[in-house]
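>>> Can you look at this prediction? I've put the sequence above it.
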Amino acid sequence: QVQLAESGGGLVQAGGSLRLSCAASGDTFTDYAMAWFRQAPGQEREFVAGISWSGTSTNYANSVKGRFTASRDNAKNTVYLQMNSLKPADTAVYYCAARWRGYSVHPQEYDAWGQGTQVTVSS
C-alpha cells in the first residue's frame with residue numbers, strides 16, 4: 001500500500017500562486033494514477049485534478065481548469081499541483097490520493113490518502 005504526504009499549503013492573497021507536492025512511498029508509484037481533492041468546511045470532498053500513471057493524461061474540475069496544473073515526477077515519486085490565479089473560493093484542505101491503475105472523480109474509489117494540507121486564499 002502506498003503512503004502519501006502532502007506539503008506546500010499556506011496563506012496567499014487572491015491572484016497569487018502556490019505549488020502543492022505529494023510524496024509517495026511504500027509501493028510502486030507508477031502502478032497508481034494520482035488525484036487531488038479538496039474539502040472546505042461543511043462541504044463534501046470534491047475532485048480537483050487527476051493524472052495518469054505516466055503523466056500523459058490529466059483531467060480537471062471545471063472550477064480550476066486553466067488555473068491549476070497537475071504533474072508528476074515518477075523518478076522522485078512525487079505529484080504536484082501548481083495553482084495559479086487563486087481565488088478565495090479555492091480555500092480548503094487539499095488532499096492527494098492514489099488509485100490503482102486509473103484515476104476517478106469519485107473519492108470513495110481511491111486506495112490511499114495523504115493527511116491534507118491547508119490552502120487559504122485571502123481577498
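Everything's here; your move.

>>> Just say helix, strand or coil for the residue most central in space within the chain.
The residue lying closest to the centre of the chain (Cα atoms, centre = their mean) is Trp36, at 2.3 Å. Of the three states, Trp36 takes strand according to DSSP: H, G, I helix; E, B strand; the rest coil.

>>> ok, now how distant is the closest residue to it other than its chain neighbours from Ser123?
Spatial nearest neighbour of Trp36, excluding adjacent residues (Cβ to Cβ, 6 or more residues apart in numbering): Val48 at 4.3 Å. Heads up, the C-betas are built off the backbone N, CA and C, glycines and all. Remark: distance between Val48 and Ser123 (Cβ to Cβ, to the nearest Å) = 20 Å.

>>> neighbour count winner among those two?
Each of Val48 and Ser123 has its neighbours counted (other Cβ atoms under 10 Å); Val48 has more, 25 against 9.

>>> Where does the more buried one fall, secondary structure wise?
Secondary structure assignment for Val48, by DSSP states H and E: strand 46-51.

>>> What strands line up against the following helix or strand past that strand, and which way round?
Per DSSP H and E, strand 46-51 leads on to strand 58-60 as the next helix or strand towards the C-terminus. Counting by DSSP bridges, the strands paired with strand 58-60 are strand 46-51 (antiparallel).

>>> can you list contacts of the partner strand?
If you take Cβ atoms under 8 Å, 6 or more residues apart in numbering as the criterion, strand 46-51 is touched by 33-39, 57-61, 64, 68-72, 79, 81, 94, 103-107.

>>> Go again with 7 Å.
33-38, 58-61, 64, 68, 70, 72, 79, 81, 103, 105 (Cβ atoms under 7 Å, 6 or more residues apart in numbering).

>>> related to what we said a few turns ago, sort out which residues of the strand holding Val48 are buried, please.
With burial defined by 16 or more other Cβ atoms under 10 Å, the residues of strand 46-51 counted as buried are Phe47, Val48, Ala49, Gly50, Ile51.
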